[in-house]
Structures are given as structure tokens and as C-alpha cells.
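Participant: Here's my sequence, what's the structure:
(chains A, B, C and D, ligands or ions: 6)
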Amino acid sequence: MKKLINTADSVVEDALNGMAAAHPSLRVRDNVVYRAAGPRPGKVGLVSGGGSGHEPLHAGFVGYGMLDAACCGEIFTSPVPDPIIEATTSVDGGAGVLHIVKNYTGDVLNFEMAAELVEGVEVASVLVDDDVAVQDSLYTAGRRGTGATLFVEKIAGAAAEEGRPLEDVAAVAADVNRRSRSFGIALTSCTPPSAGKPIFDLPENQVELGIGIHGEPGRTRVPIAPARELAGVAMDAIHGDMPLRGDLLVMVNGMGGTPLSELYVVFGEVAAYVKGRGARVARSLVGNYVTSLDMQGFSVTVCPLDDELTRLWDAPVETPGLRWGR
Amino acid sequence: MKKLINTADSVVEDALNGMAAAHPSLRVRDNVVYRAAGPRPGKVGLVSGGGSGHEPLHAGFVGYGMLDAACCGEIFTSPVPDPIIEATTSVDGGAGVLHIVKNYTGDVLNFEMAAELVEGVEVASVLVDDDVAVQDSLYTAGRRGTGATLFVEKIAGAAAEEGRPLEDVAAVAADVNRRSRSFGIALTSCTPPSAGKPIFDLPENQVELGIGIHGEPGRTRVPIAPARELAGVAMDAIHGDMPLRGDLLVMVNGMGGTPLSELYVVFGEVAAYVKGRGARVARSLVGNYVTSLDMQGFSVTVCPLDDELTRLWDAPVETPGLRWGR
Amino acid sequence: MMDTDLFVAWFEESSRLIRRERDRLTRLDAAIGDADHGTNLDRGFSEVCKALADDPPGSASEVLTTAGTILIRRVGGAAGPLYGSLFRQMGRALRESPVTLAGFAAAFEDGVVAIERLGKATPGDKTMVDALTPASRALALAVRDGVGVHEALVKAADAALEGAKATIPMQAKKGRASYLGQRSIGHEDPGAASAALLLEALASVAG
Amino acid sequence: MMDTDLFVAWFEESSRLIRRERDRLTRLDAAIGDADHGTNLDRGFSEVCKALADDPPGSASEVLTTAGTILIRRVGGAAGPLYGSLFRQMGRALRESPVTLAGFAAAFEDGVVAIERLGKATPGDKTMVDALTPASRALALAVRDGVGVHEALVKAADAALEGAKATIPMQAKKGRASYLGQRSIGHEDPGAASAALLLEALASVAG
Ligand SMILES: Nc1ncnc2c1ncn2[C@@H]1O[C@H](COP(=O)(O)OP(=O)(O)O)[C@@H](O)[C@H]1O
Ligand SMILES: Nc1ncnc2c1ncn2[C@@H]1O[C@H](COP(=O)(O)OP(=O)(O)O)[C@@H](O)[C@H]1O
Ligand SMILES: [Mg+2]
Ligand SMILES: [Mg+2]
Ligand SMILES: [Mg+2]
Ligand SMILES: [Mg+2]
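Facilitator: Residues are numbered from 1 along each chain as shown, chains lettered A, B, ... in the order given. Ligands and ions are numbered 1, 2, ... in the order given. Coordinates of the predicted model:
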């Protein structure tokens, strides 16, 4: 294992210290990243978090127009209840706090415990479960939360900045999640510092279909194919689950180790696919946003937009990971 | 080789098509990326370019506040004169055009030929040569242009938006380059699609010091060390060439395959180093900006700021790769 | 009878075994999960031992409550809240001190039920539950048959180990492994493996 | 005498050899550069052949000028402008057609000087110049000694090949390889290697 770290145990803390040093707009306390400005009275607070290793998610999305706090667990390990409780209490501006939780057993259990234990703060939660690679059935823990988390955090964040009440913000967040679908493909595994080697081995000529964002192996393994075909596999899975129509918000997301140029190649194919189905890419995002350490690969996330969601997506945002309009 | 591409020959074109599809603010013609809005009368035009494989540099920096056009060559191969001539003529708003050229024999020769052949446009050029790993002497082609290219494009771009005359903009660009120093360290090599395998092999326990941005091997090879030490090696090289003092613009740049979290770990160490020398990180940038395909590693670029340069750095910019203030 | 020191010793031995088996647990988690189970438990159980050393609890109930609370506070992921609830529930259930085997068996059953309630897993889902429920059943039988504490705990440990191995052919229906569908078959569940270690630890300190 | 067809054949054969040796040239460039020399020249020389086939030039001068222009237009990198200037300068210098060996030798020398001027490289810098100048010298001697065209071109090819091999122990002072400092020693310069191929091509078509 070759990594730019000091020790495997200190990597999360060291990275957060670096973030704090790089972004005066952020404060870091006990592995929770806050807006330096603190809570705004009357604004619903947005708290998210989960295991680390998905950067810029979540910490990179703390700031105006998105999150108020991000609770950062160890690599791929959801945070424990205490910091979630602390974050929830700290960001409450009197209008309550929304927990944005990716649907993984660990995240769900720890956020639930925190929500139960927190005192004097009205808490609502939204579960993100957009990954169509997993069937939502009695035979699984339900769909994973992946790329749509960014959409939920951005759009709910914009709604919160407008001063909307907690139930509104929660409803918008749930709506975005309900509309969103994702599918991911890996060219390589990733190496958690504490594990010291790749989570799985992928032969030089194979790719892993239907991967999540924790280096878990996917559903199946197939020979590597041209970007056009791989984009087709991802889009077929999404289109099969939710036929593409109308104006779409489309993200081609890198898993962390894939260069931007390759993501643009994939996006070109995704855009052609969307056009071919008579739908339209109204808004797009291409880059490494919801990652899995140094994994090479991509995921596509699609969310049909209406005028209101488009307006909220376009609203100003100022975070280390996503910024426009100010 | 495992890549998200269609064919090795089409990768540059495919990626540029994807960029055009993702960014309505851009137009792509003959592997040149332009602002869709076209030239602004009276504004100095900024044209840069070089081999591809460094994304988001250069194409990702086309837009308000930075470049007017980026000429994209094949992977690691500087563009030929024709597109440079075409770009130069197309972006001229009557105030002349500045060529921002990284100091590599191929880039220099092709931009020089273009500048000689272009007709009816006043052309000035700035050479970027910030890489302290190379001695500028009779025994080398001179220092390479690396991370400082982003600083030059951003700050000269801001000066151009203010409507300053060509010689001013060229002078600002030259000043930024003169102040800037960079040093890079690689954990792995990179794989150009047409080569099909890594340019060099690096044993599991070694890193390459003083690398450029074309997957060239560096000056020396040493055993992997903690991020603190590697950051120290890079900063010692920079500090030894230009003692750190006053307000600094500091970029910790990823080589393309390194996850953001590791770059923040490095930035934390770089910030501590700067503080330890009594200087101050006034502005910073952490991310994959001037890359070498899928190479894992980082580079640090430092530029001392004065009030004027700080103002130009902070000025609004709206490109796919760098955006703030609008 | 099981006294307070025995419960303290249980967590010390558990921590030792988990440290020893950490990489195996992480490898099992790498195969069908995210390769953090060993590291997470190692971190959590050593914190438990520190806490128990820092201020020695006065009763078995206190030992278990402290341990459960620290696991919830320090481990994270799925296993943290689940194991934490197991021990907190046992602490709540155990009012006597020293503890009789019958009392322990009942409390352990309560703890396992708490895990099942929290995780909504049932036997056969390929989780820690598949190691814990056989252990609980073995304890109940031992109480019925009136066997001694050590023998009972050895039976429980054997049952847990068997239960863990029995997860190998199962397809996971809960937790991360369930994302793999059929591909989860053929691997031992890391949580079941760690649960078996906990019962092995208890048997050996009661020896 | 060297007629127009010979010059056309020169570029066809060069293109064939470069295609055949592409991966070797790229490997040489990978060792001390950026692994694109073979691909770049292959692209450029096949474009040259297309152009020469599309409208057949009427004179040696035209062949060389067309070839040089296309190389500048299609190759990019350092080698594109350098080889382009070599051939464009030769085209400018060659007014006669068919061409005498003396005329060719003089034009070739002009071309090499053009490369030296453009790239500011001198012999010993570990560049294509180290293959081209010995070839030019060999041609001049052949003219002085009045040897035949084919024999002269074979001598030039041998000199170029020797010159290319002689770059192995050199430390690069120009181009990408110079960034490596001492580490450039022990590798043949890719541009010198491709220059040797060009002269080998000419010798074989003149045979
Ligand atoms: N819903 C559940 N009910 C019971 N046990 C579960 C459940 N989900 C996961 N587990 C157990 O947790 C173990 C994984 O723990 P760990 O790796 O620490 O957490 P995570 O899966 O969050 O990384 C699994 O092997 C399984 O035994
Ligand atoms: N300044 C120079 N003068 C003469 N030849 C040069 C010079 N710089 C580079 N070369 C030649 O160009 C070759 C590299 O060509 P190529 O790989 O196509 O371009 P690049 O270095 O831009 O990738 C080198 O091997 C060397 O022979
Ligand atoms: Mg985990
Ligand atoms: Mg090149
Ligand atoms: Mg796990
Ligand atoms: Mg090259």
C-alpha cells in the first residue's frame, strides 16, 4: 500500500486538519466539520455524515447552500452517536435539524440512536437509497445511498437557506431521493489504509458492475468494454428502473482514482444515451464527488427535475466541493 | 491497461465532446475549446494549450476570468501550429492575444511557429517555468511549466477581464510565473492510452521525487515515507530556491489518481511547514488541477502574493475547473 | 457463580482475542463487506478495557453497561450499536451480583433479542445473530440440565463457533453482505466470527 | 541522380519502417521522455504518404516541402516542428530536379542546420542531431570522394545509426530527457533512433 498519509490511524483526523487549514469558512471539532459562521437563527440545520473515504462527500459539502455539519467516521465506518448528537445540537438555529442518512445499517443505527438521544432539538431524517444495483427486498438491507446524497444535500440545502420549515425541507429531500437513481462500475478496488491492501482483486481485463462506495464487490464481473458499452450498462440499469424522460439532472461521478478526462468520455456517452431516449440533460455534474478512496471507476446518478427543483439546484452554493452563484 | 475510453486514438476527441455536452458555456472546434460567448471586443484574448492528459488544465479553465481558448494536443503531445493560429485569430477582440506556454521544447516550438504565422493579431507570449526540480542551466531545456500555469491563467485572466492592455496582462502573467515555484512527487507512474502500460515502474515501497506532469521519471527515487516527510521534501526544495516569506498562494495539487483526502493530509503538513517558516498561507487550493493522467502523487506550488495579485486571484472566475464569485 | 471480576476478565480476554484475530476478521469483512470489522472491534474493546481499568465497576451489571456504552460510543458501523445494545441490555437485565448461570442465560437471551430487534435480523440472515442465538439456546439447555458454569459456557462457545461456520453457505439478507446477493455465499460472516470469539473468551476466563 | 519518385519512395519506406518500429521508439521515449515519439511519427508520416499519393508532386523540392509542412501540421511535440523544418529547409534548398548527390548533400546539411538553429541543440546533447550530423558529414565525404549515390546513402545510414547508438552513454542537455539529469545516461535517444530509420529508409529505396 502506497498512500500520502502519516499513519493509518490518523488519516481521518489529519485530512480534516488539512481541510480546516485550507478553508477558513470551516471549523473542525471532534471529527465534525461545521460552518465557521455557526447556525443561522430560524434556518433549518442540515447534518449529514458517514464513514470517511468518500471525499469530498460529506465534509466538502459543508457551507452556504448545503450542509451545516458533517460527521466524519473512520474510513468506511459510520460515525458513532455522540458526535452526531453534538453536531445536531450545535447547528440548531431553532427551526430544527434534518439528518441526511445514507441507507447502510451502520449509518442508520447510529443516526437513529443519536436522534433518540438528542434533547431539545426537533429532528427529522431522510434516508438516501438510490442505488439500483441492489434490489430493495426482504432479501437485502435495501438500496444503498450513493450519488443521490449530493443531490439531496444541495437541493435540501437550498430549501433550508430560503428559511423553509423543517417538514418542507425534509419533504424536498425525500422527493429528490425518491426521484434519483444511480449505478456504479469499478475498474479497480480500493485500499483502506487500515486494511493495507485492496478489498478485492479485479483481473486486468475485468470490471465490477453494480458497486457501492465502500469498495464492496459488485453484483457481477464482466470483461472490460469500451466506455460507450459501460455507460450503456449503467444507463440501462437506471432506465430499466425508472424510464428516462423530460429534463434530467445527470452526474457522472468518479470513484476517486479515475482521471477527469475519462469521466468526460463517459459523460459524452451518457448524454448521447439520454438524448437517444428522448430525454434531456438539463443540468449536469462531472467529477470526483462521491468517491471510494482510490478506486478507479464511475457512477451515474440521474434525477428528473421540475422547475422548482431546477431553481433550487441553481441556487447559490459555497462549499469546498461545490460552488456557484457566489 | 484499464481505462474508461472507447479507443486510444479517439480519447482526446471523445473527452472534448463530453466536455462540450457537459458545459453549454463552452464550444469545441478541431480540438480547441472556446468560450461559447466568443471574444469580447477590447479584451485581451488568452490562449493556452499543450498536450492533453493534464485535465482540468487547460480546457477546464476556459471561461470568464481565465482563458478564451485552450488548444488540446494528443495525450502529452503539444498541439500543432494550425489550431493555435486558428484559436488566436478567433479570440482576438482587437486588443491582441496572450499565449500562455508551458516551457517544454514541443510547446515552445509549436506556439512560436503559430505566433510567427498568425496574421493581423498582436501576439504576446509568456513562458511558464516553475518546476524547481529542474536546474535552469545550459545542461537542461530549462525548468518545466507545471502548477504555476493555473496561477498564471487565473491571474492574467482576471487582469484581461478588467480590460487592461496586452503588455500589462503579459507583464502580470510573467510576474506570477517569476514568483512561483513548484515541486512534485509521484507514488505511481501513469499509463498513456497509446502506450498501453505505465511509463515507468515504481517498486511498491518507492516514490519518485521531482517529477513533471508527463509521467517522466523524476530526478531520484527514495523509499516511501509519511506524508509529513514527503511534504517536507517538496517544501525544502521550494524554500531552498525561494525562501518563504509573507502572504503565500499555496496549491497542493493531485496528479490525477490521488484521492482528495490524501491531498488534504499533505496540505495540512504544507501549511504547518509554511507557518514554521514564519510565512502565511493567504490563499490556497487543494485538488486535482494539473494532472498526469492516472498518476498517483502530488505537487506543491507556491506564489508570494501582494495586494494587487490577491485582488486578481479573488476576482470572479467561472470555468468548469475553477469557479467563484459568480 | 459469576462474580464481577469474571465479567471484567471476559472483556480483557475478548479484547486480546479480537486483537489477535483482527486481520482475519477484517479479511472476512473484505470478502463480503468493507474490510473494517476487525479494526473497529479492536478499537472498541481496547477502549472498554481502559474504561474498566480506569474506574473498576462494582457489579456485573455495571461492567456490562459500561462496556455496551463504550462500544456504542467508539466502534461505529453496524457492529458498534449492535454489540453495544447486547451488553447494555444484559446490564439492564442483570440485577443480581454475583450472577447465577440461570440469571446470566436469561440476560444473554434478552441481549440477543435486543440485537434482533435493532437489526431486524433473524437466524439465517448471515449475521452475528447466527452465532449468538445458538449460544443462547445452549445456555438455556445447560441451565435446564443443571450443568456447571464452565461446562455451560464451553457449550455456548462451541454452539457460537458452529453457528458462525454455518453462515458460510448462507446468502446474506442483512448488512452490507446482502448487496452481494448470491456472491455472499461461501464466506463466513465477520460479525458471526467475532461473536464466536466473545463466547470463546468467556468460556476460557471461566475455566 | 535522384528523381522525384525516389523522394516519394523515401517517405513511403520511412513510414513503413516507423510503423514497424513504432513501439520501440515509444519505449525509448518512455525511458527518458513521455512515451509518445513512435505514435507521433507514425501518425505524421502516414499523413505525409497520403498527401503525396493524393496529389503527386512534380519535383523533389515539392515532395520535401509537402512532407515538411505535413509533419509540422500533424505531429506536434518537439519532433514535429524539428523534422518538419528539416524537410522544408531541404525543399527550399533543392532547386534542381532530378537531384545530384552533391545537391542532396548540401540541402541535407542546410536542413540539419535548420534543426540545430530551431532546437538550439549541438552534437552531444543527446538528440536527433547526434544521428543527423554524422549522416550529413558522411554525405559530404562521399561527394568529395565521388562515390555513387547508393553507396553514399548507405554510408550516411550507417553513420546515422552509429550516431544514434552513440547517444546511449550521453547525458541529455536538450528536450524532456534533460530533466532526468544523470538518469538519462544509458538510454538511446528516441529522436536519434528515428533519424537513423529515416536514413536507413533512403538507403534502401536508392538500392
Ligand atoms: N441488520 C443486522 N443485524 C444483525 N447484525 C448485522 C446487521 N447488519 C450487519 N450486521 C453484522 O455486522 C457485521 C459487520 O460489522 P462492521 O463491519 O463492523 O460494520 P459495517 O458493515 O458497517 O462495516 C456483519 O458481519 C453482521 O454480522
Ligand atoms: N531542442 C532539441 N533539439 C533537437 N532535438 C530535440 C530537441 N528537443 C527534443 N528533441 C528530439 O525530439 C525527441 C522527442 O520527440 P517527441 O517525443 O516526439 O516530442 P516530445 O519530447 O515533445 O514528446 C527527442 O528524442 C530528441 O531527439
Ligand atoms: Mg464499515
Ligand atoms: Mg510529448
Ligand atoms: Mg465492515
Ligand atoms: Mg515524447
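Participant: how many other residues sit next to A:V252?
Facilitator: If you count neighbours by other Cβ atoms under 10 Å in any protein chain shown, A:V252 ends up with 29. The C-beta positions use only the backbone N, C-alpha and C, and glycine is treated the same way.
Participant: Just give the nearest non-adjacent residue to it, would you?
Facilitator: Sequence neighbours aside, A:F267 is the residue nearest to A:V252 in space, at 4.2 Å (criterion: Cβ to Cβ, 6 or more residues apart in numbering or on different chains).
Participant: With A:L309 instead?
Facilitator: Distances taken as Cβ to Cβ, 6+ apart place A:I155 nearest to A:L309, at 6.1 Å, with adjacent residues excluded.
Participant: I figured that neighbour hits A:R311, correct?
Facilitator: No - counting by Cβ atoms under 8 Å, A:I155 does not reach A:R311; the two are 9.6 Å apart.
Participant: More neighbours: which of these two?
Facilitator: A:I155 (28 against 13).
Participant: Make sure I have this right: that one is in a helix.
Facilitator: Yes - A:I155: assigned to a helix according to DSSP: H, G, I helix; E, B strand; the rest coil.
Participant: For it, list the residues it contacts.
Facilitator: A:172-173, A:176, A:309, A:312-313 (Cβ atoms under 8 Å, 6 or more residues apart in numbering or on different chains).
Participant: Tell me, what's the model's pLDDT at it?
Facilitator: A:I155 carries a pLDDT score of 99 in this model.
Participant: just the one 10 residues further on next, same as before
Facilitator: In this model, A:P165 is scored at 98, pLDDT.
Participant: State the phi and psi torsions of it.
Facilitator: Backbone geometry at A:P165, expressed as degrees, to the nearest 10, gives phi -70, psi 160.
Participant: host element of A:A158?
Facilitator: In the assignment (DSSP states H and E), A:A158 maps to helix A:148-161.
Participant: related to what we said a few turns ago, OK, contacts around the residue nearest to A:V252?
Facilitator: A:250, A:252, A:284, A:286, B:18, B:21-22.
Participant: Please report how far it lies from A:F76.
Facilitator: 27 Å (Cβ to Cβ, to the nearest Å).
Participant: now the strands: where do they sit in chain C?
Facilitator: Using DSSP state E, no strands are found in chain C.
Participant: Tell me which of the contacts of A:F267 fall in strands.
Facilitator: A:250, A:252, A:284, A:286.
Participant: With distance to ligand 5 and pLDDT added, can I get those in JSON lines?
Facilitator: Output for the ones in strands among the contacts of A:F267, formatted as JSON lines (distance: Cβ to the ion, whole Å; pLDDT from 0 to 100):
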{"residue": "A:V250", "distance to ligand 5": "31", "pLDDT": "98"}
{"residue": "A:V252", "distance to ligand 5": "28", "pLDDT": "98"}
{"residue": "A:S284", "distance to ligand 5": "33", "pLDDT": "98"}
{"residue": "A:V286", "distance to ligand 5": "30", "pLDDT": "98"}
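Participant: residues in chain C within reach of ligand 3, list them.
Facilitator: C:34, C:36, C:77 (Cβ under 5 Å from the ion).
Participant: Of those residues, which are in range of ligand 1?
Facilitator: Near ligand 1, judged by Cβ under 6 Å from any ligand atom, the entries from these are C:34, C:36, C:77.
Participant: Output those in CSV; the columns should cover neighbour count.
Facilitator: Shown next, in CSV, are those (neighbours: other Cβ atoms under 10 Å in any protein chain shown):
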residue, neighbour count
C:D34, 27
C:D36, 32
C:G77, 33
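Participant: contacting residues for A:E55?
Facilitator: If you count contacts by Cβ under 8 Å, 6+ apart, then A:E55 has A:15, A:256, A:291, B:259-261, B:264 around it.
Participant: B:E86 versus the residue of chain C found nearest ligand 4, what's the distance?
Facilitator: Nearest residue of chain C to ligand 4: C:A35, at 39.5 Å (Cβ to the ion). Between C:A35 and B:E86 the distance is 52 Å, computed by Cβ to Cβ.
Participant: who has more neighbours, those two?
Facilitator: C:A35 (30 against 18).
Participant: Leaving out sequence neighbours, find the closest residue to C:R43.
Facilitator: C:R74 (6.1 Å).
Participant: Do I have it right that that neighbour meets C:D42?
Facilitator: No - taking contacts as Cβ under 8 Å, C:R74 lies outside contact range of C:D42: 10.6 Å.
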